[in-house]
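> sharing a model prediction with you, sequence too.
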Amino acid sequence: MEWVAEIRGIRTTHNVGGSMARKIAYWVSTFIVAAMMGFASFSYLTGHPDVVAGFSQMGYPQHLRIILGIAKLAGAIMLIVPGLRLLKEGAYAGFTFAWIIAFVAHYLAGHGMQSFMPLGLLTLLIVSYVTRPPSRRLTAVSPASA
């Protein structure tokens with residue numbers, strides 16, 4: 001929402017609606033998601049004993065741990081770097097699918113409250129997605145301009 005003020009013939013436009021709050025929400029949520037995925041990627045790729053044990057307990061093959069570690073690192077980088085809008089959309093989608101599947105897998109395995117951790121990350125991802133600036137959005141191409 002914008003409002004216009006005219007004082008002594010000087011016209012100014014003010015942006016009301018928390019553009020600074022929106023930027024802060026975007027960067028804080030995006031940084032937390034990217035940092036968490038960076039740490040997870042490191043744990044996955046270095047074969048941290050807890051991660052290896054977790055994959056074994058869930059019945060997943062260890063090579064999936066490597067694939068997910070690479071994907072999490074790539075997604076974290078995509079969320080942070082400027083440009084690459086289409087890859088950024090892919091990172092948002094990939095994390096969304098991964099965390100929904102992780103929630104279901106942990107819930108069905110009976111992991112209690114730990115099952116809800118992916119949903120917490122998904123909430124932060126949604127905040128990041130909704131508050132991202134126009135320069136980080138995939139713009140639609142109209143049929144007339146194509």
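Received, thanks.
> got a pLDDT number for Arg136?
Here the pLDDT value assigned to Arg136 is 84.
> residues in contact with it?
Contacts for Arg136 were tallied using Cβ atoms under 8 Å, 6 or more residues apart in numbering; they are Pro82, Arg85, Lys88. Bear in mind the C-beta positions are built from the backbone N, C-alpha and C, glycine included.
> out of those, who's the most crowded?
Counting neighbours by other Cβ atoms under 10 Å, Lys88 comes out on top of these with 21 neighbours.
> give me the subset of the contacts of Arg136 lying in helices.
Of these, the ones assigned to helices by DSSP state H are Arg85, Lys88.
> dump the contacts of Arg136 into a markdown table; add pLDDT and distance to Phe31 as well.
Shown next, in a markdown table, are the contacts of Arg136 (pLDDT from 0 to 100; distance: Cβ to Cβ, whole Å):
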| residue | pLDDT | distance to Phe31 |
| --- | --- | --- |
| Pro82 | 90 | 14 |
| Arg85 | 90 | 19 |
| Lys88 | 94 | 15 |
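> show me the longest helix that occurs in this protein.
Of all the segments of type helix in the chain, defined by DSSP H, the longest one is helix 19-46.
> give me the buried positions along that one.
Residues of helix 19-46 classed as buried by neighbour count (16 or more other Cβ atoms under 10 Å): 25-26, 29-30, 32-34, 36-38, 40-41, 43-45.
> of all those, which two lie farthest apart?
Ala25 and Leu45 (30.2 Å; Cβ to Cβ).
> from Ala98, how far out is Gly47?
As defined by Cβ to Cβ, to the nearest Å, Gly47 lies at a distance of 19 Å from Ala98.
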